[in-house]
Every structure is written in C-alpha cells, then in structure tokens.
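Undergrad: Structure for the following, please:
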Amino acid sequence: MRSTALARIAVGVVVERRKARSPCLDLLWRPVSVLVGTPSAAPWTRIGEEDDATTFYAGEAAIELYRTETANYRQNLGSGMAALWVVLRPIAANSAGPAFDILAVTADPAEGEALTAAGNDLVATVPMPTAIIATIESFIAEHHVERPFNKRERNRGEPPIPGHRSEDRESSK
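TA: Modelled structure (predicted):
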C-alpha cells in the first residue's frame, strides 16, 4: 500500500520488559522511548538491564506526516508534554522470536487514540524527542492551512411528511 504522507521521520523504538507482580501474568511490556533515526543495532537487541527490568531496541518505524493533520500535530506540540503514540502488536506466544511487531508510531493524538480501540495491541505514549518536535514544527509552518469552523444551521421548518413532495405541500396552502 502506498502512503500519501508528505514527510517521514525515521525512528527507533525502545521497549521495556518487566517482571509482573500479578499471578496472572509473567511479564509486562511497554514502550519507553523513541530514538531519532535508526540505530545500527539489530531489532530486539538487549540494550540495558537493571533489577527486574530489561530494555530492548525493538526495531525501526517511521512517523508519517500528513498535510491534513497539521492542526492535530499543533495541538500535540502545544499540550506542554508533546508525545508520540507507539503501537505494538503481539506475536503468537509459542514463537521463538520477539514478543511484538511494531505496528505504528504517530504524532497525531486523534490517530493514537483511535488505535487504542481495536484488538489487543499495546498502545502507549512516550515523550517526543526535541529533534522530532523541531521537524514537526517546520512541517506545520510549511503545510498548515487554517480552516474556519462552519457550524451548520438546523432546518427549523416543519418536519417533512413521509410520501409527500415539498412542492405539493406549498401549493396546497
């Protein structure tokens, strides 16, 4: 499928695995950060360990920027805590490989919230690095078009009568 994005920002996703304190789960996974660019490390390389947590470089992804979403990007940057939404999709538990595939990384809050609704994907926010903030700010400056809000007015006339044409009603008055 071909993307209509005007810009793409390459990122690397960092994920943490922690021992669960629940009898129902063994491990808890969560995205913890995004790196600008793509590291030379192989996906699912262990990059850190402390106490009961292990950090992995999960792999690369791309943040796609669209001209029609600049208002959402601006809202995200203006929130005071600019964030990226990272979406991980679980892989079958019996596979010997990694636990998750990176499905998406987005800077659009509306898209991030929409991705939380379906299935059993793991969706979490991570802080947006300053280099990505600068790239998105320049994208907004170049492509944002202010669109006025047009509130539609309700038709306050009589409700239409089923089966009657409007000309018939007006000529019968």
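Undergrad: Secondary structure element for the spatially most central residue of the chain, which one?
TA: Nearest to the mean C-alpha position of the chain, counting by Cα atoms, centre = their mean, stands residue 112 at 3.0 Å. Using DSSP states H and E, residue 112 falls within helix 109-115.
Undergrad: next one: that helix to chain centre, how far?
TA: Distance of helix 109-115 from the chain centroid (Cα atoms, centre = their mean, to the nearest Å) equals 5 Å.
Undergrad: which secondary structure elements does it contact?
TA: helix 70-77, strand 83-90, strand 100-106, strand 122-127 (3 or more Cβ pairs under 8 Å, 6 or more residues apart in numbering; DSSP states H and E). Where you see a C-beta, it was placed from the backbone N, CA and C, and this is true even at glycine.
Undergrad: Would you mind pulling the contact partners of the shortest one?
TA: If I follow you right, that is strand 122-127. With contacts defined as Cβ atoms under 8 Å, 6 or more residues apart in numbering, strand 122-127 is touched by 29-34, 81-90, 100, 112, 115-116.
Undergrad: Confirm residue 137 sits in a helix?
TA: Yes: residue state for residue 137 (DSSP: H, G, I helix; E, B strand; the rest coil) corresponds to a helix.
Undergrad: so who does the closest residue to residue 103 other than its chain neighbours touch?
TA: The shortest distance from residue 103 to any non-neighbouring residue, by Cβ to Cβ, 6 or more residues apart in numbering, is to residue 87 (4.2 Å). Going by Cβ under 8 Å, 6+ apart, residue 87 touches 102, 103, 104, 105, 106, 115, 121, 122, 123.
Undergrad: can you pull out the helices in this protein?
TA: 70-77, 109-115, 130-143, 166-171 (DSSP state H).
Undergrad: average pLDDT for the last one?
TA: It stands for helix 166-171. The predicted model gives helix 166-171 an average pLDDT of 53.
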